[in-house]
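Student: Pasting the sequence and the predicted model now:
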There are 2 protein chains.
Amino acid sequence: MSKCESCIVREFNSLKALTSEELRRVSACKTGKTFRKGQIIFEEGETLNGVYCVKDGVCKLTKLSENGKDQVVKLVVKGGLLGKRSLITEQKTNLSAVALNDMEMCFIPKSEIMNDLKKNPEFTMTVLKRMAEDLKDSDESIVNMAQKSVRRRMAETLMYVHDEFGTDDEGYLTIVMSREDYASIVGTATESAIRILSQLKKEGVISTTGKRIKIEDYNSLKWME
Amino acid sequence: MSKCESCIVREFNSLKALTSEELRRVSACKTGKTFRKGQIIFEEGETLNGVYCVKDGVCKLTKLSENGKDQVVKLVVKGGLLGKRSLITEQKTNLSAVALNDMEMCFIPKSEIMNDLKKNPEFTMTVLKRMAEDLKDSDESIVNMAQKSVRRRMAETLMYVHDEFGTDDEGYLTIVMSREDYASIVGTATESAIRILSQLKKEGVISTTGKRIKIEDYNSLKWME
DNA sequence: TAAAAAATATGATATTTATCATGTATTTTT
DNA sequence: AAAAATACATGATAAATATCATATTTTTTA
């Protein structure tokens, strides 16, 4: 397994604020884990005893609603850190994490990272900044959910997936998700999500091949009401 | 103006992690500010050069949606700290703050508090923990907005206001808000909010005197679908 | 590769919520 | 206290979205 010191992934997250000495220690105690598409990384209510650093692949963070439906709260790709919040509050995790495709991750035990958190103010500050950003994003999501139409939310989701995670060489969105996943990001019934994507296809805004989606007219999405 | 060292309000927020030496310094540079009901404390997009500590009164944190409507993201009472996020990220604030009744606050300049944030790890950790809690609350809000009916959200809002901010000696909710405010917490049209509250009144779940609301049957709210 | 399972598609309909209109009550101002 | 402004209330209707039913397509499994 590669060493943290020479791993570029850490540049994308808070671990970049660790000293090379600290990195060596983290590297020594981390364990590599792989997850297959659809596999559960952890579930709401579990006690996490460390954080996951995503080296490759994508996962969704979901929360179960009282109506029995999952709501996707966030998508996490390479560089993302999972389990920060429960590490800090020392509470059980409030979200579930499920792999959307095959994933490679590193697991860093709580004890090690907590030590760094207590002794390296720069690291703490970086984590704090990231958390503040997450909070801003969440606040934005609340407004979107409360004030925008399902169609508009779907448009924004497509743009988000496009901007954040990019496209393959054929122009299809890199992240491939089921319509059910889209529904649970947008916060709507699966049928409604399917219907809207079908409409967008008819309108020529997107095209699809199986589950794969290609954005044909980004501007239409942008101005969609 | 009273001194921070002898102010009990700080026990409710992250400032409790400051040393008495730090508290003295904060106390020396803070300024008292009062706001009248309806007054704007700060607006989305403003640059804040410090944080507000709420000594008395209540305010709402709102975000303007593209459709022109405000969405209430959070209510803040005695002990709350406003402006943490933009202090940490050094960005303009993403929310507006408006007083719901007359308020008394202390304003602590950025320079002072940033100093503490950098030098007192316990303080940083406390801020981090609070931010993690806020994030958890926000994630919960996203799910609520996405998956629950307007009626259910109204019920939860009433219970939240009851549990978090209490009732007066007659049993009315301490925080008095307009129906428009309720609508913008629940994320619905003002008429819909009014309609639902009227229904709840007819059903005997709540009673009202002017804008004041009294919860008559908490259990009905709890089990409301 | 055939069969089974899962995911997607779409019509019909019901339900929820928003919007518009208009009237009444309450609060604020003069 | 009267006038004006604001907030609340409610009916009628339109629009958005969910639900149920049932094909069809795609993917997975045997």
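Tutor: On my side now, so go ahead. From a predicted model like this one, the values you see are computed outputs, not experimental measurements. Residues are numbered from 1 along each chain as shown, chains lettered A, B, ... in the order given.
Student: Hmm, residue A:180 and residue A:192 touching each other?
Tutor: No: applying Cβ atoms under 8 Å as the test, residue A:192 and residue A:180 come out as separate, 11.3 Å apart. Placement of C-beta: from N, CA and C, glycine included.
Student: ok, residues contacting stretch A:34-50?
Tutor: Contacts of stretch A:34-50 with the rest of the structure, by Cβ atoms under 8 Å, 6 or more residues apart in numbering or on different chains, involve A:52, A:57, A:59, A:62-64, A:82-83, A:86-87, A:92-105, A:107-110, A:112-113.
Student: for stretch A:59-77, that is, sorry about that
Tutor: Residues from elsewhere that reach stretch A:59-77 (Cβ under 8 Å, 6+ apart): A:35, A:41, A:44, A:54, A:57-58, A:82, A:94-100, A:103, A:134, A:137-138, A:141, A:161, A:164-165, A:175, A:181, A:184-185, A:187, B:139-140, B:142-144, B:146-148.
Student: can you tell me which of those residues are in helices?
Tutor: Using DSSP state H, the members of the contacts of stretch A:59-77 that fall in helices are A:134, A:137-138, A:141, A:161, A:164-165, A:181, A:184-185, B:139-140, B:142-144, B:146-147.
Student: count of neighbours near the closest residue to residue A:58 other than its chain neighbours?
Tutor: Of all residues beyond its chain neighbours, the one nearest residue A:58 is residue A:100 (4.6 Å), with distances taken as Cβ to Cβ, 6 or more residues apart in numbering or on different chains. Per other Cβ atoms under 10 Å in any protein chain shown, the neighbour tally for residue A:100 reads 20.
Student: Need the pLDDT of residue A:100.
Tutor: pLDDT, the model's per-residue confidence, is 91 for residue A:100.
Student: can I assume it is in contact with residue A:181?
Tutor: Yes: with contact defined as Cβ under 8 Å, residue A:100 reaches residue A:181; the gap is 7.2 Å.
Student: Enumerate every residue touching residue A:130.
Tutor: Taking Cβ under 8 Å, 6+ apart as the definition of contact, the neighbours of residue A:130 are A:13-14, A:81, A:84.
Student: Next: residue A:78.
Tutor: Residues touching residue A:78, when contacts are defined by Cβ under 8 Å, 6+ apart, comprise A:9, A:12, A:54-57.
Student: most neighbours, which of these?
Tutor: Counting neighbours by other Cβ under 10 Å, the top entry in those is residue A:54, with 24 neighbours.
Student: Verify the stated contact: that residue with residue A:82.
Tutor: Yes: taking Cβ under 8 Å as the contact criterion, residue A:54 and residue A:82 are neighbours in contact, 7.0 Å apart.
Student: Quickly list what's touching both of these two.
Tutor: With contacts taken as Cβ under 8 Å, 6+ apart, residue A:54 and residue A:82 have A:76, A:105 as neighbours in common.
Student: ok, residue A:142 - how many residues close by?
Tutor: Neighbours of residue A:142 under the rule other Cβ under 10 Å: 24.
Student: And the one 10 residues further on, by the same measure?
Tutor: Applying other Cβ under 10 Å, we find 17 other residues in the vicinity of residue A:152.
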